[in-house]
Every structure is written in structure tokens, then in C-alpha cells.
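Peer 1: quick one, what's the 3D model for this:
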Amino acid sequence: MTVIQKNAPSIVLKGLSKTFSEDIRQANYILENVDLTIKQGEFYILLGPSGCGKSTLLNILAGFIEKSDGELTINGESEESKANRGFVFQSADSALFPWLTVEENVEFGLKMKKVPLAERKEVANHFIELAGLSGHNHKFPSEISGGMKQRVQLARVLANDPQILLMDEPFGALDAMTRRTMQKELIRIWKETNKTIIFVTHDIQEALMLGQHIGIMSIGPSSKITHSYEINLPYPREITSPDFNQYYKVVQSHFD
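Peer 2: Predicted coordinates:
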């Protein structure tokens, strides 16, 4: 078993590019020459306008699509190693199985791995509690709110114990109050589990509420990470604080 040291490089991209053109000589690049290093246990935000390639980059990191060029290593190994990654989609409705209960959804991956029933029940219940879903074990997705569905999706991913969480605008469809609650819950869970998180958003306030580091992506085509910021603010973060507003102004300046 490979032991990953805290703050060691977890994900490294060098000159990564992506095109869907079959002729590389006439390629229109969605991503071009992306360089990025993310440390183990880090909460990293990919921030940029819609259509800039954020989700494409996240899908490459997940192994859903292949890069066209460049290097990608995860925990010191090439992406072909299929390192343990969990993906949280924007819509829980398309990710959850509507015919399964909350508990059955959370334990589904463990069942596929043939984990014994008693053990997977114990693991599922632990992450149901961690995600704030206690008492809802036997409800179906149609019987719970949108925010709770996202909690179920997050609990299911965590139950499989991924080293890396990839999150594609998971709170984008939620109302403002639920979104704020889910942001707080995600920070709590991240601190308790020490997972590496790469979180995609186009919302500056959300990026500043969550991230230790923010990578700003340029408008496509040929998008890349043009600026990176370390956010030296303690958690929980207060959106009305002078320091928060100063960071907001700096980040916002890239989109004016």
C-alpha cells in the first residue's frame, strides 16, 4: 500500500492539452498547456466562466476522458493507474438510483465490491451520519430535498474512501440558503476526512468561502490557468469581513 504524506504533491499537470479534433495539426484546443500542482489534503478551486473548460479538466482528472497531450500524474503515478477518485456531479437526480433508499444508495459501491453486508451497513451509516442524514436512511430520493440528495451523493462517494474528491458545481442548482449550508457541511467533512478536493465553480463568493487555493481559468478556447491565489483566511469565513471583500475585489478584477 502506498502511503501518501500530507502536503505531498497529489496531482501534477504539466503542459496538459485537450482537443476533440482528430487532426492534431488543425486542432482547436479546449485546454492548452495547463500546469497545476495540488497537494494531498488541499481544497483547490477551479474558477472560471461557463464554457472555459473547467468541467473538461475535471473529467480528465476523473479519467472519464483522455488528455490529448502533456503529463498528468496522480500520487506519483500516471493517470492510467486509475487512482482512487470520487466524483460528485452537479445534479444528484442523475447520480442517485431512485429505486434505492438513502442507505442503499450510499452502500451501493461497497456492494459492488462485495463488501460483507454487516460491514457495508456500518460504513454506510457512518457516512450517512457524517453527511447529516441520520434518520433518513430508509427514505427514497423522491422523498428528500435537493440539498439532502447532494448529501446522499457525497456520502456515497465518501463511503468508497477515495483519496481525491472531484466536484463539478455540486451546489449550483440549490437555493441560496441550502447552498450556504452545504458549503459549511463540505468544509466540516473535508476537515474530518483530510481528502484532497478539486471543486469547480463559476461563483467567486463560493470559491472564496471554500478554497485554500483558487486557480483562475481563462476564457476558451485554448483555456489555461492564468492566475493562482492562496486564500489566507480562517474557517469559517465571513463574507462581510474586510479581508474577504479584498480577496473578492482582486479575483473579480480578472472577470471585469
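
Peer 1: where do the strands sit along the stretch 1-150 of the chain?
Peer 2: For the stretch 1-150 of the chain, the strands defined by DSSP state E, counting those that start in this stretch occupy 9-19, 29-39, 43-47, 69-74, 77-78, 85-88.

Peer 1: so of those strands, which one's packed in deepest?
Peer 2: Mean neighbours per residue, mean count of other Cβ atoms under 10 Å, is largest over the strands of the stretch 1-150 of the chain for strand 43-47, with a mean of 25. Every residue, glycine included, has its C-beta placed from N, CA and C.

Peer 1: partners of that one in the sheet?
Peer 2: Next to strand 43-47 in the sheet, as set by DSSP bridges, lie strand 196-201 (parallel), strand 213-217 (parallel).

Peer 1: could you dump those strands to TSV with mean pLDDT?
Peer 2: As requested, the strands paired with strand 43-47 are exported to TSV (pLDDT from 0 to 100):
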stretch	mean pLDDT
strand 196-201	96
strand 213-217	96
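
Peer 1: for the ones you listed, give me a markdown table that also has mean neighbour count and distance to residue 90.
Peer 2: Below are those laid out as a markdown table (neighbours: other Cβ atoms under 10 Å; distance: least, Cβ to Cβ, whole Å):
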| stretch | mean neighbour count | distance to residue 90 |
| --- | --- | --- |
| strand 196-201 | 24 | 9 |
| strand 213-217 | 22 | 17 |
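
Peer 1: just send those back as a markdown table, with distance to residue 241 too.
Peer 2: Putting those into a markdown table (distance: least, Cβ to Cβ, whole Å) gives the following:
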| stretch | distance to residue 241 |
| --- | --- |
| strand 196-201 | 20 |
| strand 213-217 | 17 |
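
Peer 1: these: which one's closest to residue 165?
Peer 2: strand 196-201 (4.6 Å; Cβ to Cβ).

Peer 1: next SSE after that closest one?
Peer 2: helix 204-210 (DSSP states H and E).

Peer 1: counting by contacts, list what that next one packs against.
Peer 2: strand 43-47, helix 176-193, helix 242-252 (3 or more Cβ pairs under 8 Å, 6 or more residues apart in numbering; DSSP states H and E).

Peer 1: roughly how far out does it sit from the chain middle?
Peer 2: 14 Å (Cα atoms, centre = their mean, to the nearest Å).

Peer 1: how close does the nearest residue to residue 140 once chain neighbours are set aside sit to residue 94?
Peer 2: Excluding the flanking residues, the one nearest residue 140 by Cβ to Cβ, 6 or more residues apart in numbering is residue 101, at 5.8 Å. Going from residue 101 to residue 94 by Cβ to Cβ, to the nearest Å gives 18 Å.
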